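Enquirer: fold the following.
(one chain, ligands or ions: 1)
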Amino acid sequence: MNIFITGASRGIGFELSKMFCDQGHNVIAIARTKTRLDELENYGNMSSGFGKIRGVHCDLSGELSSLNEALEKTDEINVLINNAGALVNKPFSKISSSELEKVYQVNLFTPFRLIQKLLPFLAKDAHIINIGSVGGVNGTQKFPGLSAYSSSKGALSILTECLQAEYADFNYAFNCLALGAVQTEMLEEAFPGYEADVSPQEMAKYIYNFAVNSGPIVRGKTIVLSRSNP
Ligand SMILES: NC(=O)c1ccc[n+]([C@@H]2O[C@H](COP(=O)([O-])OP(=O)(O)OC[C@H]3O[C@@H](n4cnc5c(N)ncnc54)[C@H](OP(=O)(O)O)[C@@H]3O)[C@@H](O)[C@H]2O)c1
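Expert: Okay, the predicted model is just below:
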């Protein structure tokens, strides 16, 4: 299968890219940090499976035209994982317009525009997974400093439901996975010093299985994947 993963240069996206590759899939890995994308490409070249990884350097807070070349070489996309995320951890009254825009750009506007851009390439039964956050789910515990981040993830969850309704006559599956704490650099920014009991590898394994197996059955849902609080 052909898999598009954003935010592939570290954390969960990095592990996911390797996992799909190990299972013989072709991965388009998107991020800004070229050295990490090169590392992924090398991993793909050394892999004993038949999967390959192609790194695409793209700043998802800007134009998506750097994806055009990869798209020209792709016949169809089976799985899209909108995993890239941006966080600002600041008191509500101190968040600047540019910080707010950046968070919403990466967490909401880009998944919106990326899905629009990839629609013509989606396989009949494509699975689109938006990576949300448990803080972006109604009624869960909220934390000071995360108003921009958590509200953008809440909107991403609703976008997921809207798209499932809008494409009801198609065979696509749109789902949102609302993650709890996973030990990555982002977690350290959000909750300095906190140690999560879920590793990026563990979470990637769950997301991989969900992406590959759940599309025909689970549709238009936000699923909370949280072992702890946060
Ligand atoms: N870790 C947690 O506890 C946790 C909890 C709930 C939800 N999540 C969600 O899970 C997803 C993955 O999180 P993570 O913890 O693995 O995060 P991470 O380690 O901070 O990685 C974030 C990824 O997003 C990419 N990214 C950020 N801004 C970008 C931009 N403008 N253009 C392109 N790529 C960009 C980064 O790549 P470059 O810097 O190379 O561009 C990086 O690969 C995120 O959506 C996050 O919100 C995480």
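Enquirer: who touches the top strand by length along the chain?
Expert: What stands out as the longest strand in the chain, according to DSSP state E, is strand 122-133. Residues from elsewhere that reach strand 122-133 (CB atoms under 8 Å, 6 or more residues apart in numbering): 2, 7, 12, 76-83, 85, 111, 115, 149-150, 153-154, 156-157, 159-160, 163, 170-179, 207, 210-211, 214-216, 222. No exception for glycine: its C-beta is placed from N, CA and C like everyone else's.
Enquirer: for stretch 97-112, same thing?
Expert: Contacts for stretch 97-112 (CB under 8 Å, 6+ apart): 6, 60-61, 64, 82, 84-88, 90, 130, 148-149, 152-153, 155-156, 159.
Enquirer: and the ligand, which of those reach it?
Expert: The residues of the contacts of stretch 97-112 that also fall near the ligand, by CB under 6 Å from any ligand atom, are 60, 61, 84, 85, 86.
Enquirer: give me the local confidence score for the residue nearest the centre of the chain.
Expert: In the chain, the residue lying closest to the centroid (CA atoms, centre = their mean) is residue 83, at 1.2 Å. At residue 83, the model reports a pLDDT of 98.
Enquirer: how far does the lengthiest helix in the chain sit from the chain's center?
Expert: Using DSSP state H, we find that the single longest helix of the chain is helix 147-166. In this view, helix 147-166 has its centroid 13 Å away from the chain centroid, taken as CA atoms, centre = their mean, to the nearest Å.
Enquirer: got it, and stretch 10-28?
Expert: That offset, for stretch 10-28, works out to 12 Å (CA atoms, centre = their mean).
Enquirer: can you show me the CA trace of it as PDB?
Expert: Provided in PDB are the C-alpha atoms of stretch 10-28 (Å, rounded to 0.1, in the frame of the first residue of the first chain):
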ATOM      1  CA  ARG A  10      10.500  12.400  15.000                       C
ATOM      2  CA  GLY A  11       8.200  11.000  17.700                       C
ATOM      3  CA  ILE A  12       5.200   8.900  16.700                       C
ATOM      4  CA  GLY A  13       5.400   9.700  13.000                       C
ATOM      5  CA  PHE A  14       9.000   8.600  12.700                       C
ATOM      6  CA  GLU A  15       8.200   5.200  14.300                       C
ATOM      7  CA  LEU A  16       5.100   4.800  12.200                       C
ATOM      8  CA  SER A  17       7.000   5.400   9.000                       C
ATOM      9  CA  LYS A  18       9.500   2.600   9.900                       C
ATOM     10  CA  MET A  19       6.700   0.300  11.000                       C
ATOM     11  CA  PHE A  20       4.800   0.600   7.700                       C
ATOM     12  CA  CYS A  21       8.000   0.200   5.800                       C
ATOM     13  CA  ASP A  22       8.900  -3.000   7.800                       C
ATOM     14  CA  GLN A  23       5.500  -4.400   6.800                       C
ATOM     15  CA  GLY A  24       6.300  -3.900   3.100                       C
ATOM     16  CA  HIS A  25       4.400  -0.600   2.400                       C
ATOM     17  CA  ASN A  26       5.700   2.400   0.600                       C
ATOM     18  CA  VAL A  27       5.800   5.500   2.700                       C
ATOM     19  CA  ILE A  28       5.800   9.100   1.800                       C
END
